[in-house]
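Novice: How does the following fold in three dimensions:
(chains A and B)
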Amino acid sequence: SQQGEEDPQALSIQEGENATMNCSYKTSINNLQWYRQNSGRGLVHLILIRSNEREKHSGRLRVTLDTSKKSSSLLITASRAADTASYFCATPHTGKLIFGQGTTLQVKP
Amino acid sequence: ETGVTQTPRHLVMGMTNKKSLKCEQHLGHNAMYWYKQSAKKPLELMFVYNFKEQTENNSVPSRFSPECPNSSHLFLHLHTLQPEDSALYLCASSQESTTQETQYFGPGTRLLVL
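Specialist: Model (predicted):
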């Protein structure tokens, strides 16, 4: 079983719409990170949220963390075609960062 | 551009070949990582180096041999690979090898084993 699992696996929206991706994890954490990966490229760090934070913003990104439910969400507002990518949450487990399988987001122009 | 470069970007090799993947980071970080990314699977951590010392070997087969001559360079030596080893190999670095650090990834090497 995965430490972090994203939901949905795939999401297709129109440009201008908001996109919401969710991440669930199993063990207690002190932080959670979100990364983005364009097709066939390396991952790029988006945002880190600590366990004592409930919400964090970065530009059009909004991340929430609910430690009681062991879940996090990533909201991209006013999406653009350039937001098309895979999005991964990463959680610490046994001293390592464990990445989920990701949500593939397609934003249609 | 994340400050982490990888070469080659693409590699095709036979099962009897020996090749090496190279990673270089220009960020002054002390920790470096190798990950394997296969289709339909989560990113798999392979090796972690912290201050040039290997601190993690995630049960990786011996046909993968890492080398870290200094904090800026990381190699992955490949020999007698199998077709199932075909994947995107990603290198990353971070200031320290703690889970509170942001990791910076290179663009990856797309490996095809025939």
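
Novice: so B:Met46 sits right up against B:Phe64, yeah?
Specialist: Yes. Shown here, B:Met46 and B:Phe64 form a contact pair, counting by Cβ atoms under 8 Å, at 6.7 Å. Every C-beta, even on glycine, is put in place using the N, C-alpha and C of the backbone.

Novice: Give me the common contacts of these two.
Specialist: Between them, B:Met46 and B:Phe64 share these contacting residues under Cβ atoms under 8 Å, 6 or more residues apart in numbering or on different chains: B:Leu76.

Novice: Okay, now the unreliable bits of chain A?
Specialist: Scanning chain A for pLDDT under 70 picks out A:1-2.

Novice: Try it again at 80.
Specialist: A:1-4 (pLDDT under 80).

Novice: Then chain B?
Specialist: For chain B, the stretches with pLDDT under 80 are B:1-2, B:40, B:99-100.

Novice: show me what contacts residue 30?
Specialist: In the absence of a named chain, chain A is used. Contacts of A:Asn30 by Cβ under 8 Å, 6+ apart are A:Arg50, A:Ser51, A:Pro92, B:Thr99, B:Gln100.

Novice: should've been chain B
Specialist: B:Asn50, B:Phe51, B:Ser71, B:Gln95, B:Glu96, B:Ser97.

Novice: Narrow those to those in strands?
Specialist: Among those, DSSP state E puts B:Asn50 in strands.

Novice: From the contacts of B:Asn30, list the buried ones, please.
Specialist: Burial by neighbour count, 16 or more other Cβ atoms under 10 Å in any protein chain shown: within the contacts of B:Asn30 this picks out B:Asn50, B:Ser71, B:Ser97.

Novice: For the first one, which non-adjacent residue is closest in space?
Specialist: Of all residues beyond its chain neighbours, the one nearest B:Asn50 is B:Ser97 (4.1 Å), with distances taken as Cβ to Cβ, 6 or more residues apart in numbering or on different chains.

Novice: One more: the second one?
Specialist: If you skip the residues right next to it in sequence, B:Ser71 has B:Asn30 as its closest partner in space, 5.5 Å away by Cβ to Cβ, 6+ apart.

Novice: Quickly list what the most centrally placed residue in chain B is bridged to.
Specialist: Nearest to the geometric centre of chain B sits B:Trp34, at 2.9 Å (Cα atoms, centre = their mean). For B:Trp34, the beta-bridge partners are B:Phe47, B:Cys91 (DSSP bridges).

Novice: Show the contacting residues for it.
Specialist: Neighbour list for B:Trp34: B:Cys23, B:Leu45, B:Met46, B:Phe47, B:Pro66, B:Leu74, B:Leu76, B:Tyr89, B:Leu90, B:Cys91 [criterion: Cβ under 8 Å, 6+ apart].

Novice: which parts of chain B sit against chain A?
Specialist: Contacts of chain B with chain A, taken as Cβ under 8 Å from any Cβ of the partner chain, map to B:2, B:4, B:6, B:40-43, B:45, B:48, B:56, B:58, B:88, B:90, B:92, B:99-100, B:102-108, B:110.
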